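>>> Have a look at this fold, sequence not included:
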């Protein structure tokens, strides 16, 4: 507890949550504050100028990070026949159909991403109430409902991340690890911002990106000057 208090006091000296700094400065500061024994993830939190009560204004999408996310995610694929073999060859961790949905109904959730071929969506629909709230439901707009399972798996392994706005109009995305080169983290963050901007709902009025904060797993939020990232 004393160590945490000491660390918090150190943060207060270095981080002014009301002051906006450049992305490069924010990344350098976040890396400096990442002193845990494990390699902390670097996350970006974006507050959007949308009305989350209106379905058409909810923002959901994906982005391929130029330098990957640094995360190793277990991929589950719903496929059969030739596509089942293709998924296994591409490196999927789990491949199947009704056998997998039955395991999930029983409480098994040892995976982070789900891909499905279109002809398997009826089976996936049976567990939609389990996958949906956890952000695991395959979606054609995200490229996770496709017959090209090889490409979908390859993209995820390369660092394709998904994001969606929550009930408070915020979205959170992992953009890398604390030990990444600063310039690589800059590239990843810019790719995320560009992807989010392209998904701006036509009915959303006023300022779209209200604030951007950067933080490591155990670190404080560092406010980024969003004007420098919006073209």
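That came through, no problem. Keep in mind the model is a prediction, meaning the values are calculated, not measured.
>>> Going by C-alpha atoms from here, please, whenever you check contacts or count neighbours.
Fine.
>>> Now the residue nearest to the spatial centre of the chain: which helix or strand?
By CA atoms, centre = their mean, the mean C-alpha position of the chain lies nearest to residue 173, the distance being 3.8 Å. For residue 173, the enclosing helix or strand under DSSP states H and E is strand 170-177.
>>> how big is the angle separating the helix or strand just after that strand from strand 170-177?
Using DSSP H and E, the helix or strand that follows strand 170-177 towards the C-terminus is helix 182-198. Calculated by axes from the mean of the first three to the mean of the last three CA atoms, to 10 degrees, helix 182-198 forms an angle of 150 degrees with strand 170-177.
>>> How much space separates the residue nearest to the centre of the chain from residue 223?
15 Å (CA to CA, to the nearest Å).
>>> wait, residue 91 sits on residue 153?
Yes: judged on CA atoms under 8 Å, residue 91 makes contact with residue 153 at a distance of 7.2 Å.
>>> Tell me where this protein has strands.
For the chain, strands defined by DSSP state E occupy the ranges 41-48, 60-64, 75-78, 94-96, 113-116, 160-164, 170-177, 209-216, 222-224.
>>> In TSV, list these along with mean pLDDT and distance to residue 103.
What follows is those, written out as TSV (pLDDT from 0 to 100; distance: least, CA to CA, whole Å):
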stretch	mean pLDDT	distance to residue 103
strand 41-48	96	30
strand 60-64	92	27
strand 75-78	98	12
strand 94-96	97	11
strand 113-116	97	14
strand 160-164	92	24
strand 170-177	94	28
strand 209-216	94	34
strand 222-224	93	41
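>>> In JSON lines: these, plus distance to residue 102.
Below are the strands of the chain laid out as JSON lines (distance: least, CA to CA, whole Å):
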{"stretch": "strand 41-48", "distance to residue 102": "33"}
{"stretch": "strand 60-64", "distance to residue 102": "28"}
{"stretch": "strand 75-78", "distance to residue 102": "12"}
{"stretch": "strand 94-96", "distance to residue 102": "11"}
{"stretch": "strand 113-116", "distance to residue 102": "15"}
{"stretch": "strand 160-164", "distance to residue 102": "25"}
{"stretch": "strand 170-177", "distance to residue 102": "30"}
{"stretch": "strand 209-216", "distance to residue 102": "36"}
{"stretch": "strand 222-224", "distance to residue 102": "43"}
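>>> that older thread, the residue nearest to the centre of the chain and residue 43, how far apart?
Residue 173 is 6 Å from residue 43, by CA to CA.
>>> which intervals of the chain have sub-threshold pLDDT?
The chain contains residues with pLDDT under 70 at 1-14, 16, 231.
>>> Could you rerun that using 90?
1-19, 32-38, 70-73, 135, 141, 159, 217-221, 227-231 (pLDDT under 90).
>>> Who has more neighbours out of residue 91 and residue 153?
More neighbours surround residue 153 than the other of residue 91 and residue 153, with 24 against 16 (other CA atoms under 10 Å).
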